[in-house]
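Colleague: fold the following and give me the result.
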Amino acid sequence: MSTWLKNKEKEFNLALKQRDVKKMRALFNHVPTVDLAEFADQVEDPSTLTFIFKVVPSELTADFFTELNDATQEKLLMTFSDAELVELINKSYTDDIVDVLEDMPANLVTRAIKFVPKERREAVNKLLNYREDTAASIMTTEYFEFNANVTVEEAMKVIREKGKTKETIYTVFIRDDKRTLVGTVDLDDLIFANPKQTLDEVKNKEFLFTRADTDQEEVAAKFKKYDLHALAVVNKEQKLVGVITFDDIMDVMEQETSEDIALQSGVVPLKDEYMETKPLKMALKCAPWLIALIVIGIFSEIVLSRFQQKLAVVPALIFFIPVLMDTGGNAGGQTCGLIIRGLALREFELKDFPKVVWKEIKTAILTGLIVSVFAFSVFMIEFSIPGLIESNPPLDITQKLLIATIVSLALLSAVILSKFVACALPFLAVKFKKDPALTSQPFVTTIVDVCSLLIYFGIFLAFAVTGFFG
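Modeller: Okay, the predicted model is just below:
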């Protein structure tokens with residue numbers, strides 16, 4: 001937090017303590033509502049929250065309420081009179097109303113819906129019933145749409161009269177008599193167009209849109225790729241049902257990024273903010289992943305126990321198991337992060353799997369060769385230092401060379417295997433319509449550990465069968 005913002009927070013708390021309405025309103029005129037909402041989120045007392053909300057300038061009440069976190073919103077709604085609830089709803093955009101209602105208890109939703117104006121209630125109910133995380137669930141119904149036969153002059157007159165009530169005016173959407181989307185017009189094109197022309201004459205015939213059931217992450221990728229301000233949402237018949245604006249998609253991008261970070265860390269994504277989530281809930285989010293990794297990790301124990309007696313012949317092989325497992329896990333982690341990022345940014349798709357996996361295998365071979373040659377040299381240096389690696393019975397030079405060779409070959413194999421697994425698992429997740437971030441680094445590492453041990457002992461047995469170790 002900047003020094004300026006810290007000072008404003010102190011002013012906010014002082015004005016709140018003194019119940020100074022004049023100072024509080026002055027803050028709302030100079031400090032962004034999003035920052036003031038963060039200050040208000042720290043307030044626990046519902047009556048104090050009510051005081052804050054009542055001194056908010058009327059033109060900012062809807063924006064301020066939207067920026068508050070879910071817990072604070074719920075506390076405020078519990079204190080609102082019916083008249084205050086009606087006023088808030090009338091000043092809010094439809095999609096903002098829906099965002100608030102989605103996280104509210106059923107009794108508050110029922111109460112709030114009752115006060116939504118009849119002409120907006122259908123839109124609110126429709127948005128509430130759309131499947132979560134789809135384009136339709138984040139769209140707004142506050143936008144300009146005109147029939148293609150309307151003139152530029154007529155459209156501009158409506159925009160001037162009602163523009164303040166719409167969430168976006170920079171892109172106007174054009175439909176035919178059957179509400180089929182037939183084009184768009186940017187506001188700057190309207191301004192410079194001949195007033196007597198029809199919108200059909202000035203519309204962009206090549207335009208982008210998305211289906212109502214499209215995943216919101218795909219919509220975010222489209223916004224990023226084409227640098228959009230707004231995007232039309234249509235149903236299966238290409239009838240215009242809503243619009244997604246840039247500020248809506250920014251929220252989606254933040255949500256999806258947070259979710260991917262959580263999944264890659266082996267944690268079920270949190271619905272609430274970190275500081276608002278109770279320790280028990282956090283534990284229940286973390287525990288399933290750890291339990292799943294323990295179950296997979298048990299196979300490593302089984303492998304080690306099966307080869308315990310054989311390792312007794314050359315105990316020095318045990319010393320190199322941590323290096324092998326760490327290297328395999330780290331190599332997989334590198335690839336896993338790159339593949340998940342590439343899928344998220346649409347740098348490649350499911351159909352590109354053969355190309356991507358072949359590229360990763362070539363990269364893995366080169367990486368593995370560099371690592372194994374380096375490791376072989378380091379292991380021989382370690383063996384040459386008296387007392388650094390002790391073995392009973394002592395190893396002769398031939399056995400030291402063999403052990404260094406076995407470990408180096410195992411490292412080469414582990415790097416290739418781990419990069420292949422880390423590449424394949426995210427694609428497998430996409431194949432089954434799951435978030436590729438589910439294939440997190442801990443998950444990849446645990447699988448690779450088991451496979452690396454099998455490779456390690458397999459190479460050792462191949463040498464042992466030939467009689468190299470007596």
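Colleague: where along the stretch 301-450 of the chain do the helices fall?
Modeller: 308-311, 321-344, 353-384, 397-431, 441-465 (DSSP state H, counting those that start in this stretch).
Colleague: take those and write them to TSV, including mean pLDDT.
Modeller: Formatted as TSV, the helices of the stretch 301-450 of the chain follow (pLDDT from 0 to 100):
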stretch	mean pLDDT
helix 308-311	61
helix 321-344	79
helix 353-384	89
helix 397-431	85
helix 441-465	76
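Colleague: how many neighbours does the nearest residue to residue 415 once chain neighbours are set aside have?
Modeller: In space, and not counting its chain neighbours, residue 415 is closest to residue 368: 3.7 Å by C-beta to C-beta, 6 or more residues apart in numbering. Yep, even glycine has a C-beta here, placed from its N, CA and C like the rest. By other C-beta atoms under 10 Å, 23 other residues sit near residue 368.
Colleague: can you tell me the SS state at residue 236?
Modeller: At residue 236 the chain is in coil, as set by DSSP: H, G, I helix; E, B strand; the rest coil.
Colleague: just give me the neighbour total for it.
Modeller: For residue 236, the neighbour count with other C-beta under 10 Å is 8.
Colleague: residue 354 and residue 361: what is the separation?
Modeller: Noted for residue 354: a distance of 11 Å to residue 361, by C-beta to C-beta, to the nearest Å.
Colleague: and these two? which has more neighbours close in?
Modeller: Between residue 354 and residue 361, counted using other C-beta under 10 Å, the more crowded position is residue 361 (14 against 8).
Colleague: could you list the low-confidence segments of the stretch 101-250 of the chain?
Modeller: Applying pLDDT under 70 to the stretch 101-250 of the chain flags the ranges 101-130.
Colleague: where do the strands of it begin and end?
Modeller: All strands of the stretch 101-250 of the chain, identified by DSSP state E, counting those that start in this stretch, fall at 145-147, 171-175, 181-186, 209-211, 230-234, 240-245.
Colleague: how near is residue 332 to residue 446?
Modeller: Plainly put, residue 332 is 10 Å away from residue 446 if you go by C-beta to C-beta.
Colleague: ok, these two, which is more surrounded?
Modeller: Applying other C-beta under 10 Å to residue 332 and residue 446 shows that residue 332 carries more neighbours, namely 31 against 21.
Colleague: surely that one touches residue 423?
Modeller: No. Contact between residue 332 and residue 423 fails when scored by C-beta atoms under 8 Å: they sit 9.0 Å apart.
Colleague: what about the helices in the stretch 1-150 of the chain?
Modeller: Here the stretch 1-150 of the chain has its helices, by DSSP H, counting those that start in this stretch, at 3-18, 21-30, 33-41, 46-55, 61-67, 70-79, 82-91, 94-102, 106-115, 118-129, 135-138.
Colleague: do you know how far residue 432 is from residue 350?
Modeller: As for residue 432, its distance to residue 350 is 11 Å (criterion: C-beta to C-beta).
Colleague: neighbour count winner among the two?
Modeller: Legend: neighbour count by other C-beta under 10 Å for residue 432 and residue 350, higher for residue 350 (11 against 7).
Colleague: quick one, what contacts the more buried one?
Modeller: Contacts for residue 350 (C-beta atoms under 8 Å, 6 or more residues apart in numbering) come out as 427, 430, 431.
Colleague: pretty sure the second one contacts residue 343?
Modeller: Yes. The pair residue 430 / residue 343 is scored as a contact, 6.2 Å apart, by C-beta under 8 Å.
Colleague: who has more neighbours out of these two?
Modeller: residue 343 (21 against 17).
Colleague: for residue 226, see how far away the more buried one is.
Modeller: 19 Å.
Colleague: cool, residue 2 as well?
Modeller: To residue 226, residue 2 is 34 Å away according to C-beta to C-beta.
Colleague: residue 17 now?
Modeller: Counting by C-beta to C-beta - residue 17 and residue 226 are separated by 49 Å.
Colleague: try residue 3
Modeller: According to C-beta to C-beta, residue 3 and residue 226 sit 39 Å apart.
Colleague: returning to that earlier point: who wins for proximity to residue 187 among the helices of the stretch 301-450 of the chain?
Modeller: Evaluated with C-beta to C-beta, these place helix 321-344 nearest to residue 187, the distance being 31.8 Å.
Colleague: distance from the closest one to the middle of the chain?
Modeller: Here helix 321-344 is found 20 Å from its chain centre; the criterion is C-alpha atoms, centre = their mean, to the nearest Å.
Colleague: export it to CSV, keeping only CA atoms.
Modeller: Taking Å, rounded to 0.1, in the frame of the first residue of the first chain, the C-alpha atoms of helix 321-344 are listed here in CSV:
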residue,chain,number,x,y,z
ILE,A,321,18.1,-42.1,-4.6
PRO,A,322,17.3,-38.5,-3.4
VAL,A,323,19.3,-37.0,-6.3
LEU,A,324,17.4,-39.1,-8.8
MET,A,325,13.9,-38.3,-7.4
ASP,A,326,14.7,-34.6,-7.0
THR,A,327,16.0,-34.3,-10.5
GLY,A,328,13.0,-36.1,-12.0
GLY,A,329,10.5,-34.0,-10.0
ASN,A,330,12.2,-30.7,-10.9
ALA,A,331,12.4,-31.6,-14.6
GLY,A,332,8.7,-32.5,-14.6
GLY,A,333,7.9,-29.2,-12.8
GLN,A,334,9.6,-27.2,-15.5
THR,A,335,7.6,-28.8,-18.2
CYS,A,336,4.3,-28.9,-16.3
GLY,A,337,4.3,-25.1,-15.8
LEU,A,338,5.1,-24.4,-19.4
ILE,A,339,2.4,-26.7,-20.8
ILE,A,340,-0.3,-25.5,-18.4
ARG,A,341,0.6,-21.9,-19.3
GLY,A,342,0.5,-22.7,-23.0
LEU,A,343,-2.9,-24.4,-22.8
ALA,A,344,-4.3,-21.5,-20.7
